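Chemist: Predicted structure and sequence below. I'll ask about it afterward.
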Amino acid sequence: MNPFARRAALAAVTAIAAGVMLAGPAIAQQPFPSKPIQLVLPFPPGGSFDPIFRTLSEAAAKELGQPIVIMHKPGAGGVMGTATLATMNEADGYTISVMHNSVIRAPLVQKVNWDPLKDFTYLIGLAGLTTGIVVAADASWKTLPELLADAKKRPGAVSWGNVGAISINRIYGERLAKAAGTSFNMVPFKGGSEAFQAVIGRHLDVYGDPGFGSQVQGGKVRLLATFTSERLKRYNAPTVKELGYDLVIESPVGLVAPKNLDPKIASRLTAAFRKAASDPAYLNQLELFDMQPHVIGGEEYLAYAKAQFAREQKMLADIGFKPE
């Protein structure tokens with residue numbers, strides 16, 4: 001190669017290298033988000049969470065300028081899907097998940113290799129679940145006292161379903177039975193859609209979980225009582241507490257990302273979902289499924305999770321629960 005050609009080749013290589021060096025920071029500084037975001041929904045399709053979070057995601061996507069894709073990852077009573085984020089090595093904001101109390105409780109009731117208080121970035125708390133006790137519309141029990149009286153005559157004969165074997169709703173169902181001097185045949189389900197089909201088809205006697213609104217309003221199931229502090233305005237059903245059992249379930253849901261998420265990205269996601277949480281279509285879905293809107297920031301949600309973990313640790317110790 002002659003000297004002129006050699007100098008020309010060297011100049012070309014230098015220019016390419018300089019271009020790569022300049023492009024690197026530009027790629028690194030690309031604004032978030034620059035591609036679709038995955039939202040893990042840890043329950044099967046067809047349950048109450050499906051339309052609620054689909055509507056919320058559509059509203060948040062408008063704020064973020066990128067699609068939010070729902071990824072159903074059911075398993076372990078809604079714990080498995082969220083837990084996959086706890087073991088991710090990197091947090092880039094492109095994978096987030098629904099968080100709920102069964103995930104926070106998981107280390108207290110089974111062996112897991114992650115910590116719900118350390119292995120997630122808490123983004124936002126969104127709403128509170130409302131737990132009800134329902135039976136088929138044509139079931140013989142018209143009230144909760146009737147149901148409990150029958151169960152007391154036949155301990156273990158009445159079947160009681162919940163989503164997951166370790167949910168707070170399962171635990172409170174057991175506590176209610178114990179307080180009434182009886183026991184239920186506890187049946188875990190993967191999702192609410194499957195459980196409601198079982199109740200309506202008379203394959204399951206009782207279902208004690210959230211998401212009952214549309215089924216009650218459609219006349220397919222009868223609401224006997226709720227685990228709320230006060231009666232729901234929409235229904236004339238008593239609370240478990242007013243019937244003499246001091247049992248109230250608080251069960252908020254929100255969103256998390258893997259740990260160590262860049263605070264700027266976390267703030268971007270929180271702001272988008274906070275605005276989306278005021279979207280009328282989303283609020284209509286909450287009302288349809290009797291969920292109460294309650295928006296809190298990531299730090300406040302983490303503080304709640306820590307306090308809830310401590311409360312449930314004490315409660316499980318008080319009732320003598322042994323981890324699996």
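Modeler: Looks like it arrived, so ask away.

Chemist: Could you measure from residue 91 over to residue 119?
Modeler: Distance, residue 91 to residue 119, using C-beta to C-beta, to the nearest Å: 10 Å. Yep, even glycine has a C-beta here, placed from its N, CA and C like the rest.

Chemist: hey, what's in contact with both of these two?
Modeler: Listed contacts common to residue 91 and residue 119 are 258-259; contacts here mean C-beta atoms under 8 Å, 6 or more residues apart in numbering.

Chemist: who touches stretch 166-178?
Modeler: Under C-beta under 8 Å, 6+ apart, the answer for stretch 166-178 is 76-79, 101-102, 105-106, 109-110, 131, 148, 151, 160, 162-164, 183-184, 186, 188, 208-210, 227, 240, 245, 247, 249, 251, 312, 315-316, 319, 321.

Chemist: my bad, should have said stretch 113-124
Modeler: 83, 85-87, 91, 96, 99, 103-104, 106-107, 254-261, 266, 269-270, 273-274, 277, 295-299, 301-302, 305-306, 309.

Chemist: do that again at 7 Å, thanks
Modeler: 83, 85-87, 91, 96, 99, 103-104, 106-107, 254-259, 261, 266, 269-270, 273-274, 295, 297-298, 301-302, 305-306, 309 (C-beta atoms under 7 Å, 6 or more residues apart in numbering).

Chemist: Stretch 215-232 now?
Modeler: Stretch 215-232 is contacted by residues 130-137, 139, 141, 143-144, 147, 172, 196, 199-200, 212, 235, 237-241, 243, 247-249, 290 when judged by C-beta under 7 Å, 6+ apart.

Chemist: again, only using 8 Å
Modeler: By C-beta under 8 Å, 6+ apart, stretch 215-232 touches 130-137, 139, 141-144, 147, 169, 172, 196, 199-200, 207-208, 212, 235, 237-243, 247-249, 288, 290.

Chemist: quick one: buried residues of that stretch?
Modeler: 215-216, 220-228, 232 (16 or more other C-beta atoms under 10 Å).

Chemist: With stretch 80-92 instead?
Modeler: Neighbour-count burial for stretch 80-92 [16+ other C-beta under 10 Å]: 80-86, 91.

Chemist: Scan the chain for its longest strand.
Modeler: Looking across the chain with DSSP state E, the single longest strand is strand 120-129.

Chemist: Generate a ChimeraX selection restricted to the buried subset of the contacts of stretch 113-124.
Modeler: Listed next is the ChimeraX selection for buried residues among the contacts of stretch 113-124, using 16+ other C-beta under 10 Å:
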select :83,85,86,91,96,99,103,104,106,107,254,255,256,257,258,259,261,266,269,270,273,274,295,297,298,301,302,305,309
